[in-house]
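[1] Following is a predicted model, sequence given first.
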Amino acid sequence: MKILSDDTIMAVATPSGKGALAIIRLSGKKAFAIADAVWKGAALDGCPSHTVHLGNIVDERGEILDQAVATVFRGPNSFTGEDTVEFTLHGSPWIIREVGNLLLRKGARGAEPGEFSRRAYLNGRMDLASAEGVADLIASSSKAAHKLAMQQTRGSFSKEFNLLRDKLIELASLLELELDFSEEDVEFADRTRLIEIVTLLLLKIDRLTASYAAGRAIKEGVPVVIAGMPNVGKSTLLNAILQEEKAIVSDIPGTTRDIIEDTCEIDGVLFRFIDTAGLRESSDKVENIGIERARQRLNQAAIVLWLIDPLAPVGEQLSEMKATLSDLDAGRKIIPVITKAFAPGMTESTLDATRDYLNAAFKSQESAEEIRNPVSISAGEGQGLEALCDALKKASTSDFDPEKELLLTNARHYGDLLKASEALRRALGQMQAGSSADFIAMDIREATAALSSLTGSITTPDLLNSIFSHFCIGK
């Protein structure tokens, strides 16, 4: 794909398949000429911007392919910054195909993935971070993911990145000025003040990078593994959360042998719940395969719901829990769940003893900060689920509040911020060591370049191709 071409591009902007309506989009210098060549109605080239018109689309023989609506957008006040026409057609696959081929014959070119958004970026309609937010907005599958994408498309991230970048440019200019007068041994940039500014910048950058895990989980769906020994109520809990009989429930140990997974939105956050085989020593070959898969999924979880049956030997269950969690990588949240807490026959003394046992055991855990307070439920009776959902919501964002601060969701942004952080740490070390301005300036320049890459102030064709190739064709 060229950096910016003068041709007019065309693509279907709605999903493939049958539907009531479909949209075909044209953008470029010849958008009006090509549209009028197939349009029977008011001449679109003479229509004001942001107006809608009813007419027919006709082929070279004058046959009507469809009655349609044409929406006119005049550049630069369009999504791409170019003259744009959108045809809203009936959603017949035949109509879409024939109209698309007709526009190609009249001089349009089929758009490449993300080319409309790429033109919007190149024409100054949005920066690179905002353009990437468009793709996330289209892919958002929950209220929380939608909100994060909207923040990005509206420039909240770009504003934050640019503030950091401007501060670095200010630092670099002082250091460059000092280098220009190096022979006179003049220090324009007070080192104490520079150290304060770089330290503050590092705090902000590190806060953003630390939010990446929480932001990514919200964007893609928070993976939650339901784990524990056999017959503690894992499948019953999955069915209760999903409100459907997704998993087979039985008193026979080892009923669940494979991974069962489904999604559920809780207070706007999408969770991916994964029911696993009961963890125990087994001589059953097939069950052992399920147990091994369960252990693998535990390492991929952001949150683990570890179920404890208070009517079964609690010490044995805790031993299995500790042994399993000790083999996992750090970073996930563990929510102990006491099952059957409100079931008939359960006594308060049994529950209190279980809670005391759990609390005493967790205090000795090195990773105690990752283990949340126990939650008591009875999934079969539908009790305690609201408290469990609250615990899940809190654990999903950890120490970050999506309502009050930005959460990083983009892997490219995360990588660039890490580069900026590394360069700033080197600069800070140079300042503290009393190094000359040229060494400090080199690291400041590198950090500035990393932040400039985030919004596209500095970029390359290869980077743009990599980013926009993941967009859908019509966007």
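    That came in fine, so what should we check first?
[2] Give me the mean pLDDT for stretch 107-126.
    The pLDDT scores in stretch 107-126 average 90.
[3] which non-adjacent residue is nearest Ile266?
    Counting by Cβ to Cβ, 6 or more residues apart in numbering, Cys389 is the residue found nearest to Ile266 once chain neighbours are left out, at 5.0 Å. C-beta: built from backbone N, CA, C; applies to glycine.
[4] pLDDT on the strand or helix carrying the one you found, on average?
    Following DSSP states H and E, one finds Cys389 within helix 385-397. The predicted model assigns helix 385-397 a mean pLDDT of 86.
[5] Output the contacting helices and strands for the next helix-or-strand element following it.
    Per DSSP H and E, the first helix or strand lying C-terminal to helix 385-397 is helix 411-432. When contacts are defined as 3 or more Cβ pairs under 8 Å, 6 or more residues apart in numbering; DSSP states H and E, helix 411-432 sits against helix 191-210, helix 437-455.
[6] right, so of the ones you listed, which gets closest to Ser92?
    Proximity to Ser92 (Cβ to Cβ) singles out helix 437-455 among the helices and strands packed on helix 411-432, at 41.6 Å.
[7] what comes up buried for the helix holding Cys389?
    Within helix 385-397, the residues that count as buried by 16 or more other Cβ atoms under 10 Å are Leu385, Leu388, Cys389, Ala391, Leu392, Lys393, Ala395, Ser396, Thr397.
[8] Can you pull the phi and psi angles for Leu311?
    Torsion angles at Leu311 (phi, psi; degrees, to the nearest 10) stand at phi -90, psi -10.
[9] mind checking how far it is from Gly46?
    Applying Cβ to Cβ, to the nearest Å, the value for Leu311 to Gly46 is 80 Å.
[10] neighbour count winner among the two?
    Remark: of Leu311 and Gly46, Leu311 carries more neighbours, 13 against 9, as counted by other Cβ atoms under 10 Å.
[11] Name the residues linked to Trp227 by a beta bridge.
    Not quite, residue 227 is Ala, not Trp. Trp306 (DSSP bridges).
[12] Could you pull up the residues touching it?
    Shown in contact with Ala227 (Cβ atoms under 8 Å, 6 or more residues apart in numbering): Lys234, Thr276, Leu279, Ala294, Leu298, Val304, Leu305, Trp306, Leu307, Thr324.
[13] With Phe468 instead?
    Listed by Cβ under 8 Å, 6+ apart, the contact set of Phe468 reads Met1, Glu112, Pro113, Gly114, Glu115, Ser117, Arg118, Ala131.
[14] which residues are in contact with the top helix by length along the chain?
    For the chain, the longest helix by residue count, based on DSSP state H, is helix 156-180. Helix 156-180 is contacted from outside by 127, 129-130, 133, 151, 186-189, 194, 197-198, 201, 204-205, 208, 406, 413, 420, 437-438, 440-441, 444-445, 447-448, 451-452, 454-455, 457, using Cβ under 8 Å, 6+ apart.
[15] buried residues in it?
    156-158, 160-162, 164-165, 167-168, 171-172, 174-176, 178.
[16] Just want the most central residue of the protein.
    With distances taken as Cα atoms, centre = their mean, Lys219 lies nearest the centre of the chain, 3.1 Å away.
[17] Tell me the spatial nearest neighbour of that one, not counting adjacent residues.
    Closest to Lys219 by Cβ to Cβ, 6+ apart is Thr409, at 4.4 Å.
[18] just checking, the one you found touches Ala213?
    No - Thr409 lies out of contact with Ala213 (Cβ atoms under 8 Å); the separation is 10.3 Å.
[19] Just list the residues touching the residue nearest to the centre of the chain, thanks.
    If you count contacts by Cβ under 8 Å, 6+ apart, then Lys219 has Asp136, Ser140, Ala145, Leu148, Ala149, Thr409 around it.
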